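>>> Prediction below, plus the sequence it came from.
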There are 2 protein chains.
Amino acid sequence: MQPFILDDRLARDSESILKLGLCDLRLARDSRWPWLILVPQRPAVSEVFDLTPLDQAMLTFEQVTVGTVLKKVTGADKINIAAIGNIVRQLHVHVVARVENDPNWPGPIWGFGQSVPYEEKAFEAMKHRILEAFQ
Amino acid sequence: MQPFILDDRLARDSESILKLGLCDLRLARDSRWPWLILVPQRPAVSEVFDLTPLDQAMLTFEQVTVGTVLKKVTGADKINIAAIGNIVRQLHVHVVARVENDPNWPGPIWGFGQSVPYEEKAFEAMKHRILEAFQ
């Protein structure tokens, strides 16, 4: 069986914070918005419908769990969930907390401006708030 | 029980082409890209995690079905699937066929430019191609 290999750009732009049953849960290195990325740990999958039905169900469960956690942690006005992948073809699902005064509200975050790196302490703080909310 | 009432903007910007088990499947009135919208027929739901677990599973099944159909009909390079809802808060899931020379590739379709209405014949043709592919 082909191994799962994380896409280079996903590796560069985000950091793994938790391994779930199916997905690697990653926090994007962009402080403009709390932005999580779920990457199903399956080789050669680009579309949700390339996954097996069981994996599709797992992905839904993990999206819902992560969305609920992110809502709780941030009190966001809206959680945006999206599988786009026009640039990075490896299947990955964005789960993003949006608030009404964020830098591109109500527009989408993808393709907007430049990422603003976290300071290390702020990144660690966000990571810990998220991980605590899983408990 | 509160009745399901379709949001006015969704009603204006798209047309119902099929009722699935959970969702009203709608074709967006924008010829720039083949763009379907799934609206779970449930009252007062804004986030995927507001749905019951059974409805979440149904939504996943319907997204996957519709994504597969749209890929087959269009031969798209990538299917984009997203629940955003920053403007229209009624839960709805976009399923969009993207090709590498479309008007905003590889950027997202949301918030980009103005919609370009179909001519009536072209809208009907797209609708029929999609409905046929469900069979």
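All right, it came through fine.
>>> Going by C-alpha atoms from here, please, whenever you check contacts or count neighbours.
OK.
>>> So for residue A:57, what's the nearest residue that isn't a sequence neighbour?
residue B:57 (6.7 Å; CA to CA, 6 or more residues apart in numbering or on different chains).
>>> Does the one you found touch residue A:58 like I think?
No: counting by CA atoms under 8 Å, residue A:58 is not a contact partner of residue B:57; they are 9.8 Å apart.
>>> Check the secondary structure at residue A:38 for me.
strand (DSSP: H, G, I helix; E, B strand; the rest coil).
>>> For the most centrally placed residue in chain A, list the residues it contacts.
Nearest to the mean C-alpha position of chain A, by CA atoms, centre = their mean, lies residue A:37 at 1.4 Å. Residues near residue A:37 by CA atoms under 8 Å, 6 or more residues apart in numbering or on different chains: A:14, A:25, A:26, A:27, A:28, A:92, A:93, A:94, A:95.
>>> What segments of chain A are helices?
A:8-13, A:53-74, A:120-133 (DSSP state H).
>>> got a list of what residue A:117 touches?
A:29, A:30, A:31.
>>> how near is the last one to residue A:52?
The reference is to residue A:31. 34 Å (CA to CA, to the nearest Å).
>>> Mind checking which of these two has more residues around it?
residue A:31 (16 against 10; other CA atoms under 10 Å in any protein chain shown).
>>> Give the closest residue to the more buried one in space, chain neighbours not counted.
Nearest to residue A:31 is residue A:118, by CA to CA, 6+ apart, at 5.1 Å.
>>> my guess is the one you found meets residue A:28, correct?
No: using CA under 8 Å, residue A:118 makes no contact with residue A:28, being 9.5 Å away.
>>> Between those two, which is the more surrounded one?
residue A:28 (25 against 15).
>>> Bridge partners for the more buried one, pull those for me.
Beta-bridge pairing of residue A:28, defined through DSSP bridges, involves residue A:14.
>>> Surely it and residue A:13 touch.
Yes: contact between residue A:28 and residue A:13 holds when scored by CA under 8 Å: they sit 5.9 Å apart.
>>> if we can go back for a sec, could you dump the contacts of residue A:117 into CSV and include pLDDT?
Converted to CSV, the contacts of residue A:117 look like this (pLDDT from 0 to 100):
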residue, pLDDT
A:29, 98
A:30, 98
A:31, 98
